[in-house]
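**Q** Compute the structure for the input listed below.
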Amino acid sequence: MVSTHPPALPKPLPSPSPFTSWDPARVRREFLESAGDGYGYGLGDEEFSKLIAEEYPSLRDTTYLDHAASPPAPLSALHSLTSTLSTMLYSNPHSRSASSSRSAAAISHARTQVLSSLLGLRTPEQQAPWDVVFTSGSTGSLRMVGEGFPWRADAEGGAQFRYLRQAHTSLVGVRGCALARGSSVVPLDLEEVEAGWTPSGDPERPDLFAYPAQCNATGQRLGLGLCRRVKRRQKGTLVLVDAAAWLGTAVLDLGGVPLEEAPDFVVGSFYKIFGFPTGLGFLLLRRSPPILHPPYFGGGSIDHLSISAPNFSHPSPTPHKSLEPGTPPYLSILSLSLTLSSRSPLSSLPLTSSHTSTLTHFAIRELSLLRHWNSLPVIRIHRAWPGVEAEQGPTIGFSVLDERGAPVGHVELERLAGERGMQIRTGGLCNTGVTLAGAWGLGDEELRGEWGRGRKCGDDEEFTSLTHKPLGIARISFGASSRIDDVLIFLSFLRRFYITSTPPPPPSLPPPLPPLASPSTPALVLAGLTIYPIKSCAGQPIPPPTRWALTPHGLAFDREWMLVSPSPPSSSSSCSSTFFPHATSTPSSACATTPLTQKRHPRMALIRPSINLRSRTLRVQALGMGELVLPLDADPPSSPGKEMRVCLDSAPTLSCGGEEADAWFTSFLGIPCQLRRFSPGGGGRHSHFAGQHNAPIGLSNESPFLLISQASVDAVNAWLPSTSPINPSVFRANFLLSPAPSPSSHTIPPFAEDSLTRLTIGPHKFTVLAPCRRCRMVCVDPPTGEVGREPLGVLGRMRKRKGRVEFGVHCCWEGGDGEERKGEEGGTVGVGDRVEVGGWLEEGKVGDED
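**A** Next up, the predicted model:
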């Protein structure tokens with residue numbers, strides 16, 4: 001019998017105080033001494049590190065902590081495949097040639113290997129009741145069960161499909177097939193499963209219960225024990241086990257389970273185990289009686305058929321033949337067989353289980369020790385089934401907490417980790433029952449409300465709109481190639497960026513604001529004026545005595561251009577120079593759809609556009625690049641415009657600059673991209689602030705203008721322990737206010753702009769709409785493009801209201817000289833213009849920065 005239980009650590013590691021200095025080298029030595037043969041496949045640290053370097057050269061420059069998503073493929077397995085194919089011919093197994101027979105034999109051998117190596121069925125007697133169907137993956141296997149299962153309508157006898165709520169989306173998706181056939185479905189918590197239900201007792205229309213052997217989000221394992229209990233209690237119920245996460249590092253030991261208590265269906269994906277082949281999975285099912293009868297059939301899956309009415313067909317009596325229509329992916333199956341035949345210890349699931357379990361226990365222990373200055377934990381470890389004594393797999397679901405116990409945004413965490421060379425996973429993790437409902441208590445109505453407000457899986461939203469509950473968690477996971485150094489690097493990262501070791505300074509509350517007519521009302525001036533011609537690129541300061549035109553949607557030429565990617569990037573930052581290290585081709589305008597931002601691409605801060613009104617040109621500069629010059633008044637392109645997604649709206653844009661401009665930006669950023677311009681007179685977008693009139697906006701996120709004060713910037717610098725003050729430019733504001741340079745001027749208190757409701761700049765009236773919500777973009781250093789933790793860290797402690805970090809305010813232009821602007825352009829502003837306060841702001845809706 002193959003053991004699937006994690007080994008106990010030889011002896012407990014010491015538990016230092018979380019407030020003592022942390023020495024990774026010392027911790028590493030103590031770990032190796034304690035772990036013994038449980039770590040590194042018994043090879044010893046040096047030999048194991050050498051093996052990893054040889055087998056996984058792609059890991060050389062990264063800290064990979066996302067093995068649950070997909071482990072890297074070992075080099076020896078790839079070489080084995082290419083070596084075999086270079087000397088042996090394989091072809092379609094449906095023919096009768098020698099090469100076809102060779103393919104058929106390899107496929108048959110692979111089925112046996114899956115049974116013995118992955119499922120613990122080692123003898124012919126144990127294997128006899130089972131058949132392995134090769135599919136496109138776990139999701140394809142689940143769909144096959146859903147489409148082929150004999151569902152019954154509710155009128156024929158109650159709910160037929162039950163599943164554990166805390167399951168992967170692909171498993172939950174089976175309910176769609178049941179509902180389409182008129183059967184009702186019932187999601188269950190673990191306690192409800194253990195309590196049982198009344199089975200139908202109809203062998204022709206059996207009940208189906210589905211659950212994961214291991215939670216993909218938290219690593220908790222239910223294994224086959226739950227199946228055995230259901231089988232004993234719910235006679236006649238068929239059980240489907242999703243083993244995709246479990247099989248990544250452990251054998252699912254069916255050989256140790258009585259046949260009558262074993263599952264009826266097991267699904268898995270091979271890339272989850274070995275990194276490749278992708279697009280190949282399996283469905284394990286009993287040879288008899290036949291349960292699945294999918295409506296579709298194809299070549300190789302039937303023994304006989306008619307070409308017309310009465311439209312008969314006779315499927316093959318062999319399960320895998322009847323369920324594998326078409327030519328099987330025989331080369332992928334061959335690569336699987338060669339990998340399973342490998343003598344490398346890295347291909348041994350029992351050894352991998354011991355190795356990853358040792359790392360997991362160490363990581364959980366160290367994460368649990370992290371504390372802030374006030375002894376509050378830095379990490380909250382999530383469990384799919386709290387209170388249940390369940391085996392822990394090599395996956396850890398967690399959230400980072402600040403010193404007040406509030407969750408840190410998961411998108412912020414993943415991006416900062418990525419910038420430090422670490423690859424982790426965050427978000428909903430395709431398991432709503434665990435990461436949203438279980439971890440944060442989001443109910444179906446709240447989830448529906450978020451969807452109605454434009455939230456969707458994989459977007460950058462971190463918290464719900466109304467209750468500010470997190471919209472995801474973080475996950476690290478280990479595999480065959482994981483090293484203790486990966487864990488230590490991640491722990492060092494958390495200690496550096498997320499532990500608050502000293503109490504924050506007390507908030508400096510601004511003094512009461514004076515009445516509008518009070519002589520003490522400070523005299524203000526416009527001390528800074530900046531436009532951002534290309535969205536998310538560097539700003540262009542407008543120095544005195546230059547005057548700059550106002551328009552209804554903002555300063556002239558402000559955020560009038562944007563860069564877009566050829567395809568929507570994933571939440572894991574798929575648009576990366578990692579994928580296009582030498583990108584030179586220009587993407588087609590037909591596929592450019594997604595705006596690029598500094599949040600994903602900090603290097604955009606080094607692109608410096610400027611408007612030259614004398615020559616009527618947009619000039620773009622960047623280090624190492626020749627200047628790009630584009631006319632402001634070029635004729636619109638003959639190609640049609642394209643709607644671009646900006647926040648939750650669509651903005652009309654036109655192609656700009658042609659292939660030369662697109663190639664310029666593609667070369668500098670290292671990713672295919674295209675320059676687009678806001679369509680003149682496009683309109684259609686407005687600010688989204690409750691209770692406010694709709695201000696027109698172009699490509700900016702939320703409002704026409706963003707305003708901050710120098711006093712507020714100075715207050716943030718006073719909070720920072722660093723001797724290097726931040727520059728106001730990190731906040732990407734259009735207007736910077738400061739006291740007028742007069743001996744009689746009163747000092748403006750920090751954050752007084754929070755309380756403004758109206759003001760005038762020169763003769764022009766502006767309405768304050770709402771505070772500006774801040775994100776990781778303020779941590780991008782404009783001169784270098786490097787990303788740090790501040791000032792978002794200190795703002796999160798000192799300027800968080802209702803869960804949102806705020807700094808600066810959104811404004812819109814109402815008109816000047818006592819006349820409403822009525823939508824037309826007119827008037828200018830410039831540095832040195834006098835600013836007068838017109839009223840104080842009541843609390844409003846929060847918007848986003850650009």
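
**Q** tell me what the longest helix seen in the chain is packed against?
**A** Counting residues, the longest helix found in the chain (DSSP state H) is helix 349-369. Here helix 349-369 touches helix 24-35, strand 379-381, strand 391-392, strand 395-400, helix 484-498, going by 3 or more CB pairs under 8 Å, 6 or more residues apart in numbering; DSSP states H and E. For the C-beta atoms, the positions are set from N, CA and C on the backbone; glycine is no exception.

**Q** Out of the ones you listed, which gets nearest to residue 551?
**A** Residue 551 lies closest, by CB to CB, to one member of those: helix 484-498, at 40.2 Å.

**Q** Quick check: what element follows the closest one along the chain?
**A** As assigned by DSSP states H and E, the chain's next helix or strand after helix 484-498 is strand 524-531.

**Q** now that next one: how far from the chain's centre is it?
**A** Averaging C-alpha positions (CA atoms, centre = their mean, to the nearest Å) puts strand 524-531 38 Å from its chain's average.

**Q** Which neighbouring elements make contact with it?
**A** Short answer (3+ CB pairs under 8 Å, 6+ apart): strand 524-531 packs on strand 540-541, strand 735-739, strand 834-840.

**Q** Out of the ones you listed, which one sits most buried?
**A** Among these, strand 735-739 has the highest mean neighbour count (mean count of other CB atoms under 10 Å), at a mean of 22.

**Q** Quick check: can you name the pairing partners of that one and their directions?
**A** strand 524-531 (antiparallel), strand 705-709 (parallel) (DSSP bridges).

**Q** so which of those comes closest to residue 466?
**A** Across these, closest to residue 466 is strand 705-709 (CB to CB), at 24.2 Å.

**Q** Provide the contact partners of that closest one at residue level.
**A** 554-555, 728, 731-738, 748, 750-753, 766, 768, 772, 807-813, 849-850 (CB atoms under 8 Å, 6 or more residues apart in numbering).

**Q** quick one: low-confidence ranges for the stretch 751-850 of the chain?
**A** Across the stretch 751-850 of the chain, the ranges flagged by pLDDT under 70 are 801-804, 816-826, 840-850.

**Q** Just the helices from it, written as ranges.
**A** 792-798 (DSSP state H, counting those that start in this stretch).

**Q** Ok, the stretch 601-750 of the chain next?
**A** Ranges of helices in the stretch 601-750 of the chain, per DSSP H, counting those that start in this stretch, are 658-669, 710-719.

**Q** Just put these in TSV and tack on distance to residue 223 and mean neighbour count.
**A** Supplementary listing: those in TSV, determined by distance: least, CB to CB, whole Å; neighbours: other CB atoms under 10 Å:
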stretch	distance to residue 223	mean neighbour count
helix 658-669	47	20
helix 710-719	50	18
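
**Q** Looking at those, which is nearest to residue 302?
**A** The closest of the helices of the stretch 601-750 of the chain to residue 302 is helix 658-669. By CB to CB, the value is 50.4 Å.

**Q** ok so, going back, who wins for proximity to residue 69 among the helices of the stretch 601-750 of the chain?
**A** Using CB to CB, the helices of the stretch 601-750 of the chain put helix 658-669 closest to residue 69, at 25.4 Å.

**Q** Does that closest one pack against any helices or strands, and if so which?
**A** Judged by 3+ CB pairs under 8 Å, 6+ apart, helix 658-669 is in contact with strand 628-631, strand 674-678.

**Q** Dump the helices of the stretch 601-750 of the chain into a markdown table; add mean pLDDT and distance to residue 149 as well.
**A** Output for the helices of the stretch 601-750 of the chain, formatted as a markdown table (pLDDT from 0 to 100; distance: least, CB to CB, whole Å):
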| stretch | mean pLDDT | distance to residue 149 |
| --- | --- | --- |
| helix 658-669 | 93 | 49 |
| helix 710-719 | 93 | 60 |
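
**Q** who wins for proximity to residue 82 among those?
**A** Going by CB to CB, the one of these nearest residue 82 is helix 658-669, 32.4 Å.

**Q** Strand 674-678 and the closest one, what's the angle between them?
**A** Helix 658-669 runs at 120 degrees relative to strand 674-678, counting by axes from the mean of the first three to the mean of the last three CA atoms, to 10 degrees.

**Q** how far is helix 658-669 from where the chain is centred?
**A** Chain-centre distance of helix 658-669: 28 Å, with CA atoms, centre = their mean.

**Q** what does stretch 32-49 give?
**A** 33 Å.

**Q** mean confidence score for that stretch?
**A** In this model, stretch 32-49 carries a mean pLDDT of 94.

**Q** would you put the C-alpha positions of it in PDB?
**A** Taking Å, rounded to 0.1, in the frame of the first residue of the first chain, the C-alpha atoms of stretch 32-49 are listed here in PDB:
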ATOM      1  CA  LEU A  32      18.100  21.300   7.200                       C
ATOM      2  CA  GLU A  33      19.200  19.800  10.500                       C
ATOM      3  CA  SER A  34      15.700  19.100  11.600                       C
ATOM      4  CA  ALA A  35      14.200  18.000   8.300                       C
ATOM      5  CA  GLY A  36      16.600  15.200   7.600                       C
ATOM      6  CA  ASP A  37      15.700  13.000   4.700                       C
ATOM      7  CA  GLY A  38      12.200  14.500   4.600                       C
ATOM      8  CA  TYR A  39      13.600  17.300   2.500                       C
ATOM      9  CA  GLY A  40      15.400  17.100  -0.800                       C
ATOM     10  CA  TYR A  41      14.500  13.400  -1.600                       C
ATOM     11  CA  GLY A  42      17.200  12.200   0.800                       C
ATOM     12  CA  LEU A  43      19.900  13.500  -1.500                       C
ATOM     13  CA  GLY A  44      21.400  16.100   0.800                       C
ATOM     14  CA  ASP A  45      21.200  19.800   0.300                       C
ATOM     15  CA  GLU A  46      24.100  20.200  -2.100                       C
ATOM     16  CA  GLU A  47      23.100  17.300  -4.300                       C
ATOM     17  CA  PHE A  48      19.500  18.300  -4.400                       C
ATOM     18  CA  SER A  49      20.300  21.800  -5.400                       C
END
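
**Q** Can you point out the buried residues in that stretch?
**A** 34-35, 38-41, 43, 45, 48 (16 or more other CB atoms under 10 Å).

**Q** how long is stretch 213-227 end to end?
**A** 9 Å (CA to CA, to the nearest Å).

**Q** Would you mind putting the CA coordinates of the longest helix of the chain into CSV?
**A** C-alpha atoms of helix 349-369 as CSV (Å, rounded to 0.1, in the frame of the first residue of the first chain):
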residue,chain,number,x,y,z
LEU,A,349,5.1,11.0,-6.0
PRO,A,350,5.7,9.4,-2.6
LEU,A,351,9.1,11.1,-2.4
THR,A,352,7.6,14.4,-3.6
SER,A,353,4.9,14.1,-1.0
SER,A,354,7.5,13.8,1.8
HIS,A,355,9.6,16.7,0.4
THR,A,356,6.7,19.1,-0.1
SER,A,357,5.0,18.2,3.2
THR,A,358,8.2,19.1,5.1
LEU,A,359,8.4,22.5,3.3
THR,A,360,4.7,23.1,3.9
HIS,A,361,4.8,22.5,7.7
PHE,A,362,7.9,24.8,7.9
ALA,A,363,6.2,27.5,5.9
ILE,A,364,3.0,27.4,7.9
ARG,A,365,4.9,27.6,11.1
GLU,A,366,7.0,30.6,10.0
LEU,A,367,4.0,32.4,8.6
SER,A,368,2.1,31.9,11.8
LEU,A,369,5.0,33.5,13.8
